[in-house]
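Student: have a look at this fold, sequence not included:
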């Protein structure tokens, strides 16, 4: 069964450092998302990406965040200068062409900022 | 924007009993309501969804009901088993690329 793959599974970084989280979506998916889940809290939308550009972003997704899909397969989330409050589980998700198709999530990347 | 409220935050049931989790939403334009199950250390997985043109949907021991007038929808799990223990999230969305908005989750514990 196809799945969304995320790396790393866990990253520990110092405050102020840059972090890149990587995702390999399911090959026939067209819409890609990053969500964040702070420990014990709800899953929050960060950004959606379609046709090689951002289609929507939340208030959380400020200038410290960026996304790209440089080679048509990997979908990355970059945090330029991490803050303590960026510590969370980051989930990549994707879906196909259907308007309200199923959203498939990866297993997440746990980011710990010290 | 959309706001999804979910209750209860925790729920303990005896094995074999039923569990009900309720959600409300605010945006009348929302027409897609999925439920996700998240096991420890894993990403959310879709277990059932319902669209606004139906009032109820069932898949074995899981059912979801939707009341569009009242803007609420519920997840029903019958004959609960220990492996049903997880965090369950409801979500609401609309057509196209609009991102899903999630509730805060319900931690379900099924006691053997």
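Tutor: That came through fine. Predicted model, so just to flag it, every value in this text is computed and none were measured.
Student: residue contacts, the residue nearest to residue B:23 when sequence neighbours are not counted?
Tutor: Leaving aside its chain neighbours, residue B:23 sits nearest to residue B:90 (3.7 Å; criterion: Cβ to Cβ, 6 or more residues apart in numbering or on different chains). (Glycine included, C-beta is placed from N, CA and C.) Residues near residue B:90 by Cβ atoms under 8 Å, 6 or more residues apart in numbering or on different chains: B:4, B:6, B:21, B:23, B:33-36, B:73, B:75, B:102-103.
Student: for those residues, which one is nearest chain A?
Tutor: Distance to chain A, by Cβ to the nearest Cβ, is smallest for residue B:102 among the contacts of residue B:90, at 4.4 Å.
Student: surely the closest one and residue A:36 touch.
Tutor: No: between residue B:102 and residue A:36 there is no contact under Cβ atoms under 8 Å: 11.0 Å.
Student: what's the helix or strand for the closest residue to chain A within chain B?
Tutor: Of the residues in chain B, the one nearest chain A is residue B:43, at a distance of 3.6 Å by Cβ to the nearest Cβ. Element membership for residue B:43 (DSSP states H and E) is empty, with no helix or strand holding it.
Student: and the spatially closest residue to it that is not a sequence neighbour, how many neighbours?
Tutor: Leaving aside its chain neighbours, residue B:43 sits nearest to residue A:105 (3.6 Å; criterion: Cβ to Cβ, 6+ apart). By other Cβ atoms under 10 Å in any protein chain shown, the residues close to residue A:105 number 22.
Student: what's near enough to touch residue A:105?
Tutor: Applying Cβ under 8 Å, 6+ apart, one finds that residue A:105 lies in contact with A:4, A:35, A:91-93, B:36, B:43-45.
Student: in the sheet, who's paired with it?
Tutor: For residue A:105, the beta-bridge partners under DSSP bridges are residue A:93.
Student: what's the helix or strand for the most centrally placed residue in chain A?
Tutor: Nearest residue to the geometric centre of chain A (Cα atoms, centre = their mean): residue A:34, 3.1 Å. Assigned by DSSP H and E, residue A:34 belongs to strand A:31-37.
Student: does chain B sit close to that strand?
Tutor: Yes: counting by Cβ under 8 Å from any Cβ of the partner chain, contacts between strand A:31-37 and chain B involve A:31, A:33.
Student: check contacts around residue A:39.
Tutor: Applying Cβ under 8 Å, 6+ apart, the residues contacting residue A:39 are A:87-89.
Student: quick check: bridge partners of residue A:5?
Tutor: Here residue A:5, judged by DSSP bridges, has bridge partners residue A:24.
Student: and it, what's its pLDDT?
Tutor: For residue A:5, the pLDDT comes out at 93.
Student: thanks a lot, catch you later.
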